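Asks: Provide a 3D model corresponding to the input given below.
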Amino acid sequence: MTKSLNASLNRAINAKNDEFYTQRSDIEKELKRYKEQFRGKVVYCNCDDPYESNFFKFFAANFEAWGLRKLITTSYIGSPITDTEPLKLEIETVAGLASKGVVKYDDLVWLIEHNEGAVTYLNGDGDFRSEECCTLLAEADIVCTNPPFSLFREYVAQLVEYDKKFLILGSLNAITYKEIFKLIMTDRLWVGYNNGAKTYQVPDSYIQSNTFVGKDGKRYAAMGNTGWYTNLDTAKRHEWLSHYKRYTPEEFPKYDNYDAINVNKVADIPQDYGGVMGVPVTFLDKYNPEQFEIVGHIGSVGADGVYSFANAVYISGRKVFKRILIKRR
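Replies: Here you go, the predicted structure:
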């Protein structure tokens, strides 16, 4: 089942079919962990149709409770509810809106009517790389959205260039991108809390083996191996892993072609080994930079900042799956 979900995700990325709407339940489950870090901030959802995006609806519903200063959202292809023109929606107050928040179209109409000039047409196509979207990005404190998976490298590079805080969704395969791994290794990006298989709303025209029509009549896709990427602080980055195993060369052999021992499970990291260890990529979900240092991964190339998982590593001639290289602090 997992392989099937991952294959569906890869097909979507390769086809550049990026119109996936995140479920509100997934957004709420993750974002509640960061509430205080949003207080007093300008939040920008720069890949979001305000009439469809659950990111926008979540922040509009929690605008006062979270103490947001401003909420901005821009769409790329425009809203199917109104027309095809790209839109910008800016909210600075939700005073008077029912406590239930933005949950349906009428709530959005109310917000628009009570925020003069809140909705305007963009001059361009709404691409996150456009000049007017970059101007809005410069104003923002935190970016939160589900960006196009096929443009993930470029999207993250822009966030780093503008020195923005962010909480975004992406394929967990992106961990192996050399540009993303470099940020992970230098503690400028890490994974969030709720990572793994998720279900996304997709256009009716998107028909694959992993799509289905829900009870609400909308089409959904079960996607594997997606997760949250952020540079907002997380409590788990400060939790120390407890280990009970001790090093033995029999249980933790060295690689044939790399000076490090192999550890097959994060829970089995030996407590008394001070050298370099190769651990599964899932280690990143438990990574505490105060406890461990990421020194590279199998296939690292020199000290020029170029990282690659392309090179294989072997134990007694047997190929081992991708490994991150770590040391204890």
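Asks: Now residue 90: which helix or strand?
Replies: strand 87-91 (DSSP states H and E).
Asks: CA atoms only for that strand, dumped as CSV, please.
Replies: Coordinates of each C-alpha in strand 87-91 appear next as CSV, following Å, rounded to 0.1, in the frame of the first residue of the first chain:
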residue,chain,number,x,y,z
LEU,A,87,-6.8,37.2,-6.8
LYS,A,88,-5.2,38.8,-3.8
LEU,A,89,-7.1,38.8,-0.5
GLU,A,90,-5.9,40.8,2.5
ILE,A,91,-7.6,40.6,5.9
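Asks: what about the stretch 1-150 of the chain, any weak spots by pLDDT?
Replies: Applying pLDDT under 70 to the stretch 1-150 of the chain picks out residues 1-19, 78-84, 95-106, 108-109, 112-117.
Asks: for it, what spans make up the helices?
Replies: 2-14, 24-31, 54-61, 105-113, 131-139 (DSSP state H, counting those that start in this stretch).
Asks: Packing partners of the second one?
Replies: Counting contacts by 3 or more C-beta pairs under 8 Å, 6 or more residues apart in numbering; DSSP states H and E, the secondary-structure elements packed against helix 24-31 are helix 54-61. From N, CA and C alone the C-beta is placed, and that goes for glycine too.
Asks: about what we covered before: can you spell out which helices and strands pack onto the strand holding residue 90?
Replies: Using 3+ C-beta pairs under 8 Å, 6+ apart as the contact criterion, the neighbours of strand 87-91 among helices and strands are strand 70-74, strand 119-121.
Asks: Regarding the chain, what is its longest strand?
Replies: With residue count as the measure and DSSP state E as the assignment, the chain has strand 219-230 as its longest strand.
Asks: If I take it and helix 24-31, what angle do their directions form?
Replies: Angle of strand 219-230 versus helix 24-31, following axes from the mean of the first three to the mean of the last three C-alpha atoms, to 10 degrees, is 10 degrees.
Asks: So what touches the very next helix or strand once past strand 219-230?
Replies: Sequence order places strand 261-262 as the next helix or strand after strand 219-230, per DSSP H and E. The set of residues external to strand 261-262 that reach it, using C-beta atoms under 8 Å, 6 or more residues apart in numbering, is 247, 252-255, 270, 273, 275-278, 315, 320, 323.
Asks: ok, 10 Å please
Replies: The contact list for strand 261-262 (C-beta atoms under 10 Å, 6 or more residues apart in numbering) reads 247, 249, 251-255, 269-270, 273, 275-280, 298, 313-315, 320, 323.
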